[in-house]
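Trainee: here is my input; please provide its structure:
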Amino acid sequence: MRLLNTSTGLSEEFIGTNMPAYANLSHTWGEEEVLFKDMTTEPSYGSRKGYAKISMTCQLAKADELQFAWIDTCCIDKTSSTELSEAINSMYQWYERAEKCYAYLVDIESTPAWRENLAHCRWLTRALEHTVSESEGIDILTSTTGIDRGILGDSRSLLSISVAQRMSWASRRVTTRVEDEAYCLLGIFEVNMPMLYGEGRKAFLRLQVKIVRICPDLSIFAWKASSPQAMDHEGPIACSIFASAAVHFAESGAFAAVNAHSTNDFFILNQGIKLHTLLAMLGIPKQQGYRYVFPVCKIDDGTILGIRLRKCGASQLVREDPWVLVVHDLSFPSMQSRPMYSLARLPPAHFPNHLLRDIVLHTRSRILQIVLSPEMVVNNVWPWSRWDVTDQIFFMSDNLGLDYAAATQRKSVAYSMLARATRESTLTLTSCSTAWAGRTLTPRNLFTPSFPGSLPMDLERLQRQIGAVRLYNLHGRG
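Mentor: Below you'll find the predicted structure:
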């Protein structure tokens, strides 16, 4: 860490834990800032506009009996990518360890009304680590930023605050570079990652993946996209389970972590995350299917909120209708805890923009749809990973030989149906090869009924109730 000697004005470097007491300056960058290289190569750096706040910081630190000060403009060699990366990853700790922190408010005049004007100060819209690491001016900062008073007063640990709430603090922040929206949050979430300027919004995605690796807090998924009023949204829209920017957490300031009902283990995969979790099922009006609801957070009164998921492949889900958080009623039927694979990013963006709403359709290949009469409901399925409760379909492999071999080895691909007026019957799918030809087939072509014990039910009537089993090829064409 490089510090500025407040008496000599020269920088000194310190390594390890042998750090002297120091003050730091929190400010927003402006014109003619004095950089580290300027102080070493340009004798006239004292005439620059930015030198005034350096001089003032040194004077204040000396008055507080501090021999050193840290200022990001002149204490970091930004020509060294290694030093810059280390500084950004350590910056929160550097602010937190300072004996004194001075804030330079360039757009606030020294008048009796300065407190009232503080809410509109540019400094409060900039990088977040400056604000959270300070412990003075708590009342002003709490009222203008929404950051918990206990955090600013050091009486409450950052780790006790949900991920969603911490993200909400950054939702109104503005950074000069897009990547800094993520980089300025590293200290708040106690994560480290390399700086890759030029990656754009990918930085915020990388940050969320890093957080998921170390913190099993599902509230990281409790975000809402901006209102769809200006969008043509006749049908559902699918998106990544991760937010694209901190602004989507603007309404998450009161969200607390919820019991994950899972193993609390997240597995990071190439295209997303995988976890064992409990999904709720929300009935679809006038239909037999259910929507998947993933409980992710709770609010003060204990109400649990969830996000809607849509299945787009075997064990693969994406988020649906990202501007909605669903109230999770405990009366909702739930599925037992199962592995869930959720896409962190959508498939390669070679689809036209107007097809975004149809992304689920375009990511499905062959599907086998079960169409039932109103008297019948699906009671159980196997294999679960290939079944979609929303559209009542099985996902089938593109490799027909592989599917046939698997079906033969297991003797059947089965699901059971419960007739409301009868006992349970089990129907076993035995001749998949005819269905894969792409025709719409009746149960007579596909099923060999197997009845448990003696069931007084007419076979023809049961087949009429089942309706049809339909196979669809790519892009939903039968």
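
Trainee: all contacts plus neighbour counts: C-alpha atoms, from now on.
Mentor: OK.

Trainee: helices along the stretch 251-400 of the chain, start to end?
Mentor: Ranges of helices within the stretch 251-400 of the chain are 359-362, 400-410, based on DSSP state H, counting those that start in this stretch.

Trainee: pretty sure residue 7 is touching residue 69, no?
Mentor: No. Residue 7 is beyond contact range of residue 69, at 10.2 Å (criterion: Cα atoms under 8 Å).

Trainee: intersection of neighbour lists for the two?
Mentor: Common contacts of residue 7 and residue 69 (Cα atoms under 8 Å, 6 or more residues apart in numbering): residue 58.

Trainee: rewinding a little: lowest-confidence stretch among the helices of the stretch 251-400 of the chain?
Mentor: Mean pLDDT per stretch puts helix 400-410 lowest among the helices of the stretch 251-400 of the chain, at a mean of 37.

Trainee: okay, now stretch 22-31: how far is its last residue from its first?
Mentor: In stretch 22-31, first residue to last residue: 26 Å (Cα to Cα, to the nearest Å).

Trainee: list the contacts of that stretch.
Mentor: Residues contacting stretch 22-31 (Cα under 8 Å, 6+ apart): 3, 49-50, 57, 61, 66-72, 95, 98-106, 122-123, 126, 130.

Trainee: could I get the average pLDDT for that stretch?
Mentor: 91.

Trainee: same deal with stretch 319-332?
Mentor: pLDDT averaged over stretch 319-332 gives 81.

Trainee: also stretch 106-124?
Mentor: The average pLDDT for stretch 106-124 rounds to 75.

Trainee: can I get it in PDB? Just the C-alpha atoms.
Mentor: The C-alpha atoms that make up stretch 106-124 are tabulated as PDB, following Å, rounded to 0.1, in the frame of the first residue of the first chain:
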ATOM      1  CA  VAL A 106     -17.200  19.500  -4.900                       C
ATOM      2  CA  ASP A 107     -20.800  20.400  -5.700                       C
ATOM      3  CA  ILE A 108     -21.900  21.400  -2.100                       C
ATOM      4  CA  GLU A 109     -21.400  25.000  -1.000                       C
ATOM      5  CA  SER A 110     -20.600  25.800   2.600                       C
ATOM      6  CA  THR A 111     -24.000  27.300   3.500                       C
ATOM      7  CA  PRO A 112     -26.500  26.700   6.300                       C
ATOM      8  CA  ALA A 113     -28.500  24.600   3.800                       C
ATOM      9  CA  TRP A 114     -25.700  22.200   3.000                       C
ATOM     10  CA  ARG A 115     -27.400  19.300   4.800                       C
ATOM     11  CA  GLU A 116     -30.600  19.600   2.700                       C
ATOM     12  CA  ASN A 117     -28.500  19.700  -0.500                       C
ATOM     13  CA  LEU A 118     -26.500  16.600   0.400                       C
ATOM     14  CA  ALA A 119     -29.200  14.200  -0.900                       C
ATOM     15  CA  HIS A 120     -28.400  15.500  -4.400                       C
ATOM     16  CA  CYS A 121     -24.700  15.500  -4.000                       C
ATOM     17  CA  ARG A 122     -22.700  13.800  -6.800                       C
ATOM     18  CA  TRP A 123     -20.500  12.000  -4.200                       C
ATOM     19  CA  LEU A 124     -23.500  10.000  -2.900                       C
END
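
Trainee: would you mark the buried spots in that stretch?
Mentor: Neighbour-count burial for stretch 106-124, counted by 16 or more other Cα atoms under 10 Å, picks out 108, 118-119, 121-124.

Trainee: could you do stretch 297-314 as well?
Mentor: Using 16+ other Cα under 10 Å as the test for burial, stretch 297-314 gives 297-298, 304-314.

Trainee: toward the C-terminus, what is the element adjacent to the strand or helix carrying residue 207?
Mentor: Applying DSSP states H and E as the criterion places residue 207 in helix 202-214. Toward the C-terminus, helix 202-214 is succeeded by strand 238-239 as the next helix or strand (DSSP H and E).

Trainee: any idea which helix or strand in the protein has the lowest mean pLDDT?
Mentor: Ranked by mean pLDDT, DSSP states H and E, the weakest helix or strand in the chain is helix 432-435, scoring a mean of 30.

Trainee: where do the strands of the stretch 1-150 of the chain begin and end?
Mentor: 2-5, 11-13, 22-26, 68-70, 100-103 (DSSP state E, counting those that start in this stretch).

Trainee: between residue 7 and residue 69, which is the more surrounded one?
Mentor: residue 69 (29 against 13; other Cα atoms under 10 Å).

Trainee: so that one sits right up against residue 57, yeah?
Mentor: Yes. With contact defined as Cα under 8 Å, residue 69 counts as touching residue 57 (7.4 Å).

Trainee: look at the residue nearest to residue 247 when sequence neighbours are not counted and give its secondary structure.
Mentor: Spatially, and ignoring its direct neighbours in sequence, residue 247 is nearest to residue 171 (4.1 Å; Cα to Cα, 6 or more residues apart in numbering). For residue 171, the secondary structure call by DSSP: H, G, I helix; E, B strand; the rest coil comes out as coil.

Trainee: for residue 171, which residues are in contact?
Mentor: So residue 171 contacts 246-250 (Cα under 8 Å, 6+ apart).

Trainee: try residue 283
Mentor: 289-291.

Trainee: of these, just say which sits nearest to residue 17.
Mentor: Residue 17 has its nearest neighbour among the contacts of residue 283 in residue 291, at 53.9 Å by Cα to Cα.

Trainee: what's the closest non-adjacent residue to that closest one?
Mentor: Using Cα to Cα, 6+ apart, the closest residue to residue 291 is residue 282 (5.0 Å).

Trainee: distance of the one you found from residue 326?
Mentor: 10 Å.

Trainee: ok, now residue 76?
Mentor: 46 Å.

Trainee: compare those two (neighbour count), which wins?
Mentor: Neighbour totals were compared for residue 76 and residue 326, and residue 76 leads with 21 against 15 (other Cα under 10 Å).

Trainee: dump the residue contacts of the nearest residue to that one once chain neighbours are set aside.
Mentor: The shortest distance from residue 76 to any non-neighbouring residue, by Cα to Cα, 6+ apart, is to residue 36 (6.2 Å). Residues in contact with residue 36 (Cα under 8 Å, 6+ apart) are 73-78.

Trainee: what's the longest helix in this structure?
Mentor: Longest helix in the chain by number of residues (criterion: DSSP state H): helix 81-97.

Trainee: per-residue confidence averaged over that one?
Mentor: For helix 81-97, the mean pLDDT works out to 90.

Trainee: okay, the angle between it and strand 22-26?
Mentor: With axes from the mean of the first three to the mean of the last three Cα atoms, to 10 degrees defining the directions, helix 81-97 sits at 100 degrees from strand 22-26.

Trainee: using PDB, list the CA coordinates for helix 81-97.
Mentor: Backbone C-alpha positions of helix 81-97 (Å, rounded to 0.1, in the frame of the first residue of the first chain) are rendered in PDB as follows:
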ATOM      1  CA  SER A  81      -2.400  -3.400 -14.200                       C
ATOM      2  CA  THR A  82      -1.200  -5.600 -11.300                       C
ATOM      3  CA  GLU A  83      -1.200  -2.700  -8.900                       C
ATOM      4  CA  LEU A  84      -4.500  -1.400 -10.100                       C
ATOM      5  CA  SER A  85      -6.100  -4.800  -9.700                       C
ATOM      6  CA  GLU A  86      -4.700  -5.200  -6.200                       C
ATOM      7  CA  ALA A  87      -5.900  -1.700  -5.200                       C
ATOM      8  CA  ILE A  88      -9.400  -2.300  -6.500                       C
ATOM      9  CA  ASN A  89      -9.700  -5.600  -4.700                       C
ATOM     10  CA  SER A  90      -8.300  -4.100  -1.500                       C
ATOM     11  CA  MET A  91     -10.000  -0.700  -1.600                       C
ATOM     12  CA  TYR A  92     -12.800  -1.400   0.800                       C
ATOM     13  CA  GLN A  93     -10.400  -2.700   3.400                       C
ATOM     14  CA  TRP A  94      -8.200   0.400   2.900                       C
ATOM     15  CA  TYR A  95     -11.100   2.700   3.500                       C
ATOM     16  CA  GLU A  96     -12.300   0.700   6.500                       C
ATOM     17  CA  ARG A  97      -8.900   0.700   8.200                       C
END
